[in-house]
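J.: Build me a model from this:
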Amino acid sequence: MSLTHPFRALPLSALAISLATLAHAADLPIKPSVGDLVKKSRPSDWRPLDPNNTLYMELPTGRVVIELAPEFAPQNIANIKTMVKEQYFDGLAMLRSQDNYVAQWGDPNSETTPKPLGSAKAKVVGEFTVPMSNDKHFVRQMDFDGYAPQVGHSNGFPVGRDPKAKTTWLTHCYGMVGVGRDNDTDSGNGAELYAITGHAPRHLDRNITVVGRVVAGMPLLASLPRGGEAMGFYGAKDTRLPIKTVRLEADVPEAERSHLEVMRSEAAIYKDVIEAQRNRGGPWNKYAANYVELCNAPIPVREHPKE
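T.: Numbering: from 1, shown residues only. Now for the predicted structure:
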């Protein structure tokens, strides 16, 4: 008995039809996107930003809105708020823009004639992790993560946690804001801050204090000219973008506020948002990954709908 190749007996036209049929059978079903889910969400699925934990950094190019997470870095955030209240950041500048990494801001004269810190502390203990008991809003994302035993979101912030050590921390995803420091763990105080503008450098997790995330205005930071010195710092030949003001939202008149809200991690729709990013539907997508990295599953932020 001779064996015949299953395709050999088919004419080319029939073979093409068979392959097209197989490809069509493998097409992914149409599924709701994150945008679709946002459109069908309910008002109760969203929470407004807390004016007492939201910063407005005004640049000549526009406003950057930063939401702080005091549950994860209470001492550092208290010090940052003191500096903001005393207008420390007003008139400072962007210090660094390193390609695929960070944008950093602070006092460009810190090594020569530093601006006085006022009543803010010169050193604050590094809050690289905090007790899990600090976080009352954690919702686990059921995907493997190489940097943490468990990952998920808390009030929209991406977090890692270690149940054995009973610790938790904010992770270095795109847009997250951290405290610059030297080698000593208490050498940061919030006077120099940075935002992640490139691929998530998760190796920084648990090595630097993370205080929050940019919820609006990231294009203003991500598009900054790259610095000409090592690690993207601006040198004498570079032009630094100045900071006009930094204010707590609570101190800004109501008419001048950015009315933003974040999808609640505790809402039932959260799992649908994660799944929409884990397995994207057809017809454009042809392969379902059945996996999504923590930093590739951001929680939506939107302007509060006008009534």
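
J.: Run through the protein and note the low-pLDDT ranges.
T.: 1-26, 307 (pLDDT under 70).

J.: go with 80
T.: Filtered on pLDDT under 80, the chain yields the residue ranges 1-26, 306-307.

J.: could you pull out the strands for the stretch 201-307 of the chain?
T.: 210-216, 245-248, 260-263, 301-303 (DSSP state E, counting those that start in this stretch).

J.: Any idea how far the third one is from the middle of the chain?
T.: The offset between the C-alpha centroid of strand 260-263 and the centroid of the whole chain comes to 14 Å, using CA atoms, centre = their mean, to the nearest Å.

J.: Buried residues in that strand, which are they?
T.: 260-263 (16 or more other CB atoms under 10 Å). In short, each C-beta sits where N, CA and C put it, glycine included.

J.: Now distance to residue 175 too, for the strands of the stretch 201-307 of the chain, in JSON lines please.
T.: Converted to JSON lines, the strands of the stretch 201-307 of the chain look like this (distance: least, CB to CB, whole Å):
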{"stretch": "strand 210-216", "distance to residue 175": "4"}
{"stretch": "strand 245-248", "distance to residue 175": "17"}
{"stretch": "strand 260-263", "distance to residue 175": "12"}
{"stretch": "strand 301-303", "distance to residue 175": "10"}
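
J.: what are the ranges of the strands in the stretch 51-200 of the chain?
T.: Using DSSP E, counting those that start in this stretch, strands in the stretch 51-200 of the chain cover 54-59, 62-68, 93-97, 102-106, 130-131, 138-141, 150-154, 157-162, 167-170, 176-179, 193-196.

J.: and the last one, what does it pack onto?
T.: Taking 3 or more CB pairs under 8 Å, 6 or more residues apart in numbering; DSSP states H and E as contact, the helices and strands that strand 193-196 lies on are strand 102-106, strand 176-179.

J.: which stretch among those strands comes nearest residue 125?
T.: Among the helices and strands packed on strand 193-196, the nearest to residue 125 by CB to CB is strand 176-179 (10.9 Å).

J.: out of the strands of the stretch 201-307 of the chain, deepest packed?
T.: strand 210-216 (a mean of 25; mean count of other CB atoms under 10 Å).

J.: if we look at that one, which residues are touching it?
T.: Strand 210-216 is contacted by residues 49, 53, 55, 63-69, 72-73, 76-77, 80, 157, 169-173, 175-179, 190, 193, 195, 221, 258, 260, 262, 301 when judged by CB atoms under 8 Å, 6 or more residues apart in numbering.
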